[in-house]
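Colleague: Predicted model, plus sequence, below.
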Amino acid sequence: MKKLLLAIVLMPLLAYGSQSKVPVKVDPRVEIISIAFRLAGAKEYSSDINPTYIKNIDEHFEPYRNDTLIRYIKYLRNKTAIGYDAVMTMAISLQGKNGEYYLPTHDKAINILYDNSGRWNKWNAPEFVRLLNEFYTNSDFESFFRSHKKYYNSLVEKFNKEVNLDANWFSDFYGTHTEDKYHIIIAPSCGNSNYGPHTYDENDIKNVYAVLGVFNFNPDGSPTFIYKREIVIHEINHSYINPLTDITDIASQLKDSGEKIMAVVGEDMKMQAYTNFKTVINESLVRAAVIHYMKDKSLPTEDIRTEIISQKNLSYLWIDGLDSLYEEYETHRDIYPDMQSFYPHIKNYFEKVAQDIVKMKDEFYSNSPYVESITPLIDDKTDVSPSIKSIEVKISSPINKKAGAVWLVVKEGEEQAFSSVRIKDENTVIFYLNLSPSTDYHFLIRSFVPATDEGYFIKPHEIRFKTGK
């Protein structure tokens with residue numbers, strides 16, 4: 001699957017590390033490029049979840065749907081599949097402003113943009129930027145952006161108020177600083193997606209961006225950013241954890257233990273695009289640090305509990321043990337002045353996890369609801385009728401009716417194969433399908449939010465089948 005993948009007003013957040021401010025803004029580069037890809041029909045940039053703003057986009061830019069830039073984007077998408085994260089990497093890589101954009105010249109920035117994926121390259125990127133500058137003028141993008149200044153200001157103000165990030169926490173916790181710079185971009189044009197691109201500036205400093213779509217709303221229709229808090233905390237932690245993993249060479253020291261752990265959870269990790277144990281260590285330590293931050297800041301107990309179970313549901317079965325280690329580290333800072341000095345204990349902990357990993361998985365899923373039956377029975381069939389419009393899934397215990405409590409992910413086959421979901425009763429879910437003939441499908445039934453009142457997620461359930469002619 002394509003990866004989805006965890007933000008013109010500049011308003012500072014709190015200081016941290018060597019960077020005095022974390023800027024939060026709505027960025028014209030992100031808006032104009034997202035809008036252009038929307039006009040070109042890019043599904044991932046065509047969400048209507050923010051209806052008033054989308055209506056304004058459609059009204060202003062409708063006359064420019066045939067602009068040369070839009071036609072060029074369609075050509076690029078057909079030829080190189082440019083979309084998703086590649087679009088945002090281009091946006092944050094651009095230098096200049098106000099329709100006078102140009103590509104970066106720093107070698108590292110260029111290497112990130114031309115990432116060997118076959119998308120952006122030294123031929124199509126310059127032409128894209130040239131046409132983007134023309135589109136900026138032709139469509140009068142500046143007036144559109146300026147007319148929404150009050151709206152953009154309100155989004156930034158709401159983010160700062162709800163997230164209330166303590167940026168000093170990171171350098172205090174790790175006992176060190178990072179040269180990386182962080183930028184939060186609120187992106188109302190990005191619909192229901194978040195992105196985490198990065199680039200380098202002329203001083204060889206890594207600039208990391210959290211590009212956050214506007215897709216969570218309160219009952220009154222106003223946007224909310226509370227759900228973005230953990231995403232931002234997660235990304236900042238990476239700038240501290242990743243270098244420590246390299247310096248300590250912990251992944252090499254844990255080679256045997258890592259192989260035992262990946263033998264049990266490796267397939268689950270690969271579904272999240274984490275294909276090696278070093279990456280899993282980084283993700284584990286970062287996710288445990290998010291939980292520790294939440295506890296340090298006395299965030300709601302229910303939020304913390306949900307975060308722990310959420311991470312276990314993603315196969316980080318050892319996450320609460322890592323959080324306990326962090327508590328030990330914090331309690332003995334006189335012995336461990338920084339996180340690097342504490343890493344031997346982390347190594348020992350993962351060695352113990354390797355011994356207990358099977359038991360840990362069994363214990364976690366013993367509390368989770370699971371798929372009891374699927375009607376009609378399609379799993380492992382090679383002649384499933386493409387005329388089937390739905391499947392009925394029976395769950396082992398009562399489930400919540402929250403959006404995302406039970407969901408179907410298309411891992412193989414056409415993305416539009418799954419159209420919608422309905423909870424029929426407390427134990428039964430109906431998934432509505434649009435199947436094509438002679439197609440291999442791989443579905444994954446899972447939860448994105450807790451499926452039970454006790455906070456447990458549905459045990460992931462895979463379905464593989466092929467439709468007949």
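Modeller: On my side now, so go ahead.
Colleague: where along the stretch 301-450 of the chain do the strands fall?
Modeller: 371-375, 390-395, 407-412, 418-425, 428-433, 440-446 (DSSP state E, counting those that start in this stretch).
Colleague: Under the pLDDT cut-off, which ranges of the stretch 151-300 of the chain? List them.
Modeller: Low-confidence segments of the stretch 151-300 of the chain, defined by pLDDT under 70, are absent.
Colleague: Tell me which stretches of it form strands.
Modeller: 181-187, 194-195, 198-200, 206-213.
Colleague: Distance to His106 and mean neighbour count added to those strands, as JSON lines?
Modeller: For the C-beta atoms, the positions are set from N, CA and C on the backbone; glycine is no exception. Below are the strands of the stretch 151-300 of the chain laid out as JSON lines (distance: least, Cβ to Cβ, whole Å; neighbours: other Cβ atoms under 10 Å):
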{"stretch": "strand 181-187", "distance to His106": "14", "mean neighbour count": "24"}
{"stretch": "strand 194-195", "distance to His106": "21", "mean neighbour count": "24"}
{"stretch": "strand 198-200", "distance to His106": "5", "mean neighbour count": "20"}
{"stretch": "strand 206-213", "distance to His106": "11", "mean neighbour count": "22"}
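Colleague: Can you add distance to Val22 and give those strands back as a markdown table?
Modeller: Formatted as a markdown table, those follow (distance: least, Cβ to Cβ, whole Å):
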| stretch | distance to Val22 |
| --- | --- |
| strand 181-187 | 5 |
| strand 194-195 | 16 |
| strand 198-200 | 15 |
| strand 206-213 | 10 |
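Colleague: Figure out which of those is closest to Ser47.
Modeller: Proximity to Ser47 (Cβ to Cβ) singles out strand 206-213 among the strands of the stretch 151-300 of the chain, at 7.8 Å.
Colleague: Residues touching that closest one, excluding its own?
Modeller: 6-7, 30, 47, 88, 91-92, 159, 179-188, 190-201, 225, 228, 231-232, 235, 238-239 (Cβ atoms under 8 Å, 6 or more residues apart in numbering).
Colleague: How far off centre is stretch 48-68?
Modeller: Mean C-alpha position of stretch 48-68 versus that of the full chain (Cα atoms, centre = their mean, to the nearest Å) differs by 25 Å.
Colleague: Next, the distance between the ends of that stretch.
Modeller: Stretch 48-68 has an end-to-end distance of 24 Å (Cα to Cα, to the nearest Å).
Colleague: Name the residues of it that come out as buried.
Modeller: Residues of stretch 48-68 classed as buried: Asn50, Tyr53, Ile54, Asn56, Ile57, His60, Phe61, Tyr64, Asp67 (neighbour count, 16 or more other Cβ atoms under 10 Å).
Colleague: and of the residues you listed, the nearest to Phe144?
Modeller: For those, the nearest to Phe144 is His60 (5.0 Å; Cβ to Cβ).
Colleague: who's in contact with that closest one?
Modeller: Ser139, Phe144.
Colleague: how about the buried residues of stretch 48-68, which pair is most distant?
Modeller: Longest span within those, Cβ to Cβ: Asn50 and Asp67, 22.9 Å.
Colleague: Which one, of the strands of the stretch 151-300 of the chain, ends up nearest to Asp453?
Modeller: strand 194-195 (27.8 Å).
Colleague: Against which helices or strands is that closest one packed?
Modeller: The elements that strand 194-195 packs onto, with contact taken as 3 or more Cβ pairs under 8 Å, 6 or more residues apart in numbering; DSSP states H and E, are strand 206-213.
Colleague: tell me the angle the strand it packs on makes with strand 181-187.
Modeller: Going by axes from the mean of the first three to the mean of the last three Cα atoms, to 10 degrees, strand 206-213 is angled at 20 degrees with respect to strand 181-187.
Colleague: C-alpha coordinates for strand 206-213, CSV please?
Modeller: Output of strand 206-213 as CSV, limited to C-alpha atoms (Å, rounded to 0.1, in the frame of the first residue of the first chain):
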residue,chain,number,x,y,z
LYS,A,206,17.9,19.1,9.9
ASN,A,207,14.4,20.7,9.7
VAL,A,208,11.6,18.3,10.7
TYR,A,209,8.0,19.2,9.9
ALA,A,210,4.8,17.9,11.4
VAL,A,211,2.2,18.6,8.7
LEU,A,212,-1.2,18.1,10.4
GLY,A,213,-4.5,17.8,8.5
